[in-house]
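In: A structural model of the following input is requested.
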Amino acid sequence: MENARKSSGFGQATETTFASNLGLVVKIVLSFSGVIFMSLMVYAGYLWMTARGESQTIEKAQTIIRAAIIGMIITVGAYSITNFIVPAILERVTK
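Out: This is a model prediction of the structure:
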């Protein structure tokens, strides 16, 4: 019975590091921010399409779209800086 368990890999502990756990959290947060961005865009599009020419509703929809795009740019920019620039800096510092 013990040999079957070991050969199947069941019951073996896997080591997870802080970095891998943090990477998983970052992926989840980025996925969630993408869902929020898409929801805001759909909501703003719905507002705009149902505005029937009311300038106040159109301006509200445009404001939501601008805010959603700016938020996504900030999120992607922060991820890019963290993912590409920080490792390059750490590589040069640790040499």
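In: Report the mean per-residue pLDDT for the longest helix seen in the chain.
Out: The longest helix of the chain (DSSP state H) is helix 18-49. Averaging pLDDT along helix 18-49 yields 92.
In: which parts of that helix are buried?
Out: Within helix 18-49, the residues that count as buried by 16 or more other CB atoms under 10 Å are S33, F37, L40, A44, L47, W48. The way it works is simple: take the backbone N, C-alpha and C, and place the C-beta from them, glycine included.
In: The closest residue to the second one other than its chain neighbours: what secondary structure?
Out: What that stands for is F37. Of all residues not flanking F37 in the chain, M72 sits nearest, at 4.9 Å (CB to CB, 6 or more residues apart in numbering). Of the three states, M72 takes helix under DSSP: H, G, I helix; E, B strand; the rest coil.
In: Could you pull up the contacting residues of M72?
Out: Applying CB atoms under 8 Å, 6 or more residues apart in numbering to M72 gives the contacts S33, G34, F37.
In: measure it to R66 for me?
Out: From M72 over to R66 the distance is 11 Å, taken as CB to CB, to the nearest Å.
In: cool, L22 as well?
Out: Distance from L22 to R66, by CB to CB: 31 Å.
In: same question, N83
Out: In this view, N83 and R66 are 26 Å apart by CB to CB.
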